[in-house]
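Asker: When you get a sec, could you give me coordinates for this:
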Amino acid sequence: MILGDDPGSGAGMLKDFIFHFGELAGALVFGMLIGVVSIIKKNKIMDKWSAKTEASKITAHTRVHESLTELRVMVRAGRALIFQYHNGGKFADGTSIKRFSVTHESCSTGIMSMMMESQDVLLTRYMELISLIDEKPNKIIAVSSLPDCSFRSILEINNVVYFSVGSLKCEDGLTPMGFVCCHWCDVTELDKLHEEGFDDDALQDVIRNSIHTINNHLIHTKTT
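Answerer: Numbers count the residues shown, from 1 in each chain. Predicted coordinates for the structure are as follows:
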């Protein structure tokens, strides 16, 4: 027997130790490599998922804007806007300050945008508007029929002659999410529609159906 090959000898024990240590080190390195590969794959999957989710949201917002523009064109309004409710801080007693902002807007040529001036608006400033959403949803209303109030003033400043408002609901179908507002800045466009056989009831149906479509697209932007 060659010296040092005896398993019981010191040299044999050292050889076994080195062999087992090599196996352990190899397994550890292999495990680390698998872990690194798994992390890389997971990150790639997460990146793809995030990109897909973001693309889905962009697509949903595009559909919202397209549907809003389609509504504006069909009823020949000068401006169509989507307002969404949100919290904007708290009062001293801790209760939320309710606000709304324009999130989407479509304007015909020559009509000024209202988006910049319609951000973080106090809900309590336009209580007449909130009442109309409940009392006259989707109906075409003359601005001149409104009482003197902040809501009438802002419409007149923006050359609105007639308008309509329709509510938007969250996924549960009950919680208010916001509203869609159509503005007619030129009464002749409504007159032309009436001459073509579209009365206010028919226009109201168009507005209602379009808002339903917009509502579904908005829900999709929040769930993707």
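Asker: How many residues are close by Met74?
Answerer: Met74: 16 surrounding residues under other C-beta atoms under 10 Å. Bear in mind the C-beta positions are built from the backbone N, C-alpha and C, glycine included.
Asker: Correction: the previous question concerned Ala92.
Answerer: Ala92 has 5 nearby residues by other C-beta under 10 Å.
Asker: One more: His217?
Answerer: 19.
Asker: Tell me how far it lies from Asp172.
Answerer: 17 Å (C-beta to C-beta, to the nearest Å).
Asker: Please apply the same query to Leu123.
Answerer: Applying C-beta to C-beta to Leu123 and Asp172 gives a distance of 20 Å.
Asker: neighbour count winner among the two?
Answerer: Ranked by neighbour count (other C-beta under 10 Å), Leu123 and Asp172 place Leu123 first, with 15 against 8.
Asker: thinking the more buried one is in contact with Gly88, fair?
Answerer: No: counting by C-beta atoms under 8 Å, Leu123 sits too far from Gly88 to count as a contact (9.1 Å).
Asker: Identify the contacts common to those two.
Answerer: 98-99 (C-beta atoms under 8 Å, 6 or more residues apart in numbering).
Asker: Do you have the strands of the chain handy? List them.
Answerer: 79-90, 96-107, 121-122, 141-142, 162-169, 176-184 (DSSP state E).
Asker: quick one: strands adjacent to the third one?
Answerer: Partners of strand 121-122 in the sheet, by DSSP bridges, are strand 96-107 (antiparallel).
Asker: Give me the distance from the partner strand to the chain's centre.
Answerer: 12 Å (C-alpha atoms, centre = their mean, to the nearest Å).
Asker: I would like the residues contacting that strand, please.
Answerer: 61, 64-65, 68-69, 71-72, 78-91, 113-115, 118-124, 178.
Asker: Filter the residues you listed down to the buried ones, ChimeraX style.
Answerer: Applying 16 or more other C-beta atoms under 10 Å to the contacts of strand 96-107, the buried members can be selected in ChimeraX as follows:
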select :61,64,65,68,69,71,72,78,79,80,81,82,83,84,85,88,114,118,121,178
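Asker: show me where this structure has helices.
Answerer: Secondary structure of the chain (DSSP state H): helices located at 10-75, 127-135, 150-157, 187-195, 200-223.
Asker: Low-confidence ranges, the protein, go.
Answerer: 1-57, 224 (pLDDT under 70).
Asker: Need the residue closest to the centroid of it.
Answerer: Thr221 (4.5 Å; C-alpha atoms, centre = their mean).
Asker: Identify the residue spatially nearest to that residue, adjacent ones excluded.
Answerer: Ala60 (4.2 Å; C-beta to C-beta, 6 or more residues apart in numbering).
Asker: Same question for Cys182.
Answerer: Residue nearest to Cys182 in three dimensions, not counting chain neighbours: Ala77, with 4.2 Å by C-beta to C-beta, 6+ apart.
Asker: Noted, bye for now.
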